[in-house]
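Engineer: 3D, please:
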Amino acid sequence: MATLSGQTVANRFSSLLKTANDGAVTSTLTVVESGEGTDSDLSIATNKVKVGTAFGINVIPSLGKLHIDGGTGQAVTIDNGNASFIVGKGNQYGFCIGDCNPVATVGGGSSSTAAQANKNYITSNPGANSSAGEILIENGASVGTGAIGIGQDTVTNGNIHFGDADKKFLFEGRNTTSSFNVFANSETLVSVDGSNKRVGLGENVTDPAHTVEIRETGTAKANTDILAITNKVNAADMDGTEGSILFNQWYYDASTPAVADAGRISVGTESDWTSSASTQNAYIALETGRAGTVAERVRITSTGYVGIGTTSPTEFLHVVGNIRATGSITCDGVVSPSTRYKLEEYFTQTPGINGDLANATEATRVPRNRNFEIQGTNSTSSLCTFDTTRAGILLTTDTNNDDEMVILPHQDTNQSAWGNVTFGTENSTIWECAVTTHATEANAKNTVRYVAGLGGSATLLDAAQNHSQYTDQVLFYYDSDNAASGDMLRYQGTTSTWHCVYSNNGTDYVTNLGLALDEGTNYRFRIEIDSNRQASVFINDEQYGLTTISGIGDTGVNVNGAVSLSGGSSHVIAVDGTDATTQIVVGDVITNATGVAWGTVTAVTSSTSITITAASTKSFPNNDDIYIYGRAASSATTKGSALKDNTDLVPQISVTTRTTAARTLTVHYQKISRNLT
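Structural biologist: Residues are numbered from 1 along each chain as shown. You can find the predicted model right below:
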């Protein structure tokens, strides 16, 4: 280039550059080109450059305001200490590429701030939003140690980290059949049906027909394990360790739904598992919910034995309880003889009073049942008839108050082989019967008493019976009256449910079974006394627990101060006298000495304090005695305390009128058995 000669620019022009309005530009053009024609820097004194339209470097601009054509080399090279490229304002960066230091001095603003070592990354941190949206992509120090953080500015090598402790990963798929898929190994392994809210797992399950559907191509005539559930616990003592599938059900409580357990399928260890295959025995248990408690009903052992009503089956089918079949039961082998002595009666003949059967003329043609007879106040043979509508015998009381009809095995040695047969507590005894109440509510539930079970042999039931009729017994009962001292339910506070009483040498245990009596209803009662002399009771094949704490009548506990109760409300009551914790338990129904109900105990907090839910709105004076009658069992499967050894019990069923009107009860069958020895 030729050398510019002549007068200097400054002398020829007042200004080299002007604005649009031709005003003077305060900037000074210092150098354009050296005198020798060498390219030099262009510097604007104010450090500001403005391009009105677009700016192109090595290209006529056609893309955006800045268009750079780097050719075969790097288009842009930026190096500013810690960062290669930063977009932001002040110390708050919005986008950073390179060895960035995400602090207030990002980009090397302070020599005392060192760059993060081995962190070549892309990061975004909009400080205007309280640093709440970090996005971090790290290269890491070596191969395979990179990381990605979303909503997280500190990530572990090799991880993709979504959110922080109080954040979550939310994938919002489309409301279509395949809103989210995971594809690998040439197949769709996970598919989310956003339209129908279903998930498919396995081999190309892109059209799941259920909430969760799993498909896998197995091998014909061979097993394919599609789903595995593993309990990883292990210990030296492992028998009874289970893994299970729990089934829940929502329930409605008038305003808010809540969840409760409904059932469970469990697989458990029968022994202490080790690496030896011989120790690895397991069972399957089926559990169902009843009254809020899930309990085992069926078990299949490692030997293939199936137990119903027992957790220790000893045969391929072992049933504890009755079996009913509507079809035929076929046996290809010999049915083993029973090892029990049984008395079963379905009443093809009506029982009569003892004298009728003993009559010489009638004995010849046996018009009455030989194995059972009728006793009770004002009982006669004519009051025991066939129930032509329900099958069985109909017991009808006479019309005087406290008249009763009692059916029991014959007490004569001359008429029945069962006269002197004993059913002892030491012989593993089972008793059962089926009865039906009157079809009319008033006749079935009002002014009537029913008793069914095993009573003492010394004294038979009579009109004045109460829970302490026998020193040894196991009885079901219902009594609509609770006013007189001889009533079964004195101090009870409820006269609408079935109860059970058992006693050991005069110590009585009364349990409110909580099952309401209904008219025209069939009740199948069963009492089982096991080899430990502990009784279990069943109604309609469902077990009802028994209390193991005796607490009948006066507890020796008195109220400490007058008490005013509001029906249905909870009340804390101060007491004195006997230690309340030794006499009262949760579930007890308590009354005063005259049988007026206080309510049900919900807590025994100390020796001098109890909490109850009041039965009604009533007031009681200071030092009033607290009575207990019939408490609830701790669970539905609780057996009673051991009965007295070598005690003989007599099976019996009775109905008693509590007014001057006849009351009835239909008896379908009565059965009892014990071991032969």
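
Engineer: Give me the packing partners of whichever helix or strand Ala258 is part of, helices and strands only.
Structural biologist: Here Ala258, judged by DSSP states H and E, is contained in strand 257-269. When contacts are defined as 3 or more CB pairs under 8 Å, 6 or more residues apart in numbering; DSSP states H and E, strand 257-269 packs onto strand 242-252, strand 282-290, strand 293-300. For glycine as for every other residue, the C-beta is placed from the backbone atoms N, C-alpha and C.

Engineer: On the three-state scheme, Asn443 is what?
Structural biologist: Classification of Asn443 by DSSP: H, G, I helix; E, B strand; the rest coil places it in helix.

Engineer: got a list of what it touches?
Structural biologist: Residues in contact with Asn443 (CB atoms under 8 Å, 6 or more residues apart in numbering) are 519, 663-664.

Engineer: Quick check: the gap between it and Arg663.
Structural biologist: Asn443 is 7 Å from Arg663, where distance means CB to CB, to the nearest Å.

Engineer: one step back: who wins for most neighbours among the contacts of Asn443?
Structural biologist: Arg663 (27 neighbours; other CB atoms under 10 Å).

Engineer: hang on, isn't that one packed against Tyr450?
Structural biologist: No - the criterion here is CB atoms under 8 Å, and Arg663 misses it with Tyr450 at 9.0 Å.

Engineer: Next, show the common contact partners of the two.
Structural biologist: 655-656.

Engineer: Wasn't Leu515 part of a strand?
Structural biologist: Yes - the assignment for Leu515 (three-state DSSP) places it in a strand.

Engineer: Show the pLDDT at the residue nearest to it when sequence neighbours are not counted.
Structural biologist: Distances taken as CB to CB, 6 or more residues apart in numbering place Trp498 nearest to Leu515, at 4.8 Å, with adjacent residues excluded. Looking at Trp498, its pLDDT reads 93.

Engineer: surely Trp498 meets Asp518?
Structural biologist: No - counting by CB under 8 Å, Trp498 stays clear of Asp518, with 10.5 Å between them.

Engineer: more crowded one of those two?
Structural biologist: Regarding Trp498 and Asp518, a neighbour count based on other CB under 10 Å identifies Trp498 as having more, with 21 against 12.

Engineer: State the helix or strand in which the more buried one lies.
Structural biologist: Applying DSSP H and E as the criterion places Trp498 in strand 497-504.

Engineer: What segments of this structure are helices?
Structural biologist: For the chain, helices defined by DSSP state H occupy the ranges 9-12, 354-358, 360-365, 441-445.

Engineer: mean confidence score for the second one?
Structural biologist: Helix 354-358 comes out with an average pLDDT of 56.

Engineer: One more: the last one?
Structural biologist: Throughout helix 441-445, pLDDT has a mean value of 95.

Engineer: got the buried residues for that helix?
Structural biologist: Neighbour counts over helix 441-445 (16 or more other CB atoms under 10 Å) mark 443-445 as buried.

Engineer: Take these and write them to a markdown table, including distance to Ala593.
Structural biologist: Output for these, formatted as a markdown table (distance: CB to CB, whole Å):
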| residue | distance to Ala593 |
| --- | --- |
| Asn443 | 32 |
| Ala444 | 31 |
| Lys445 | 27 |
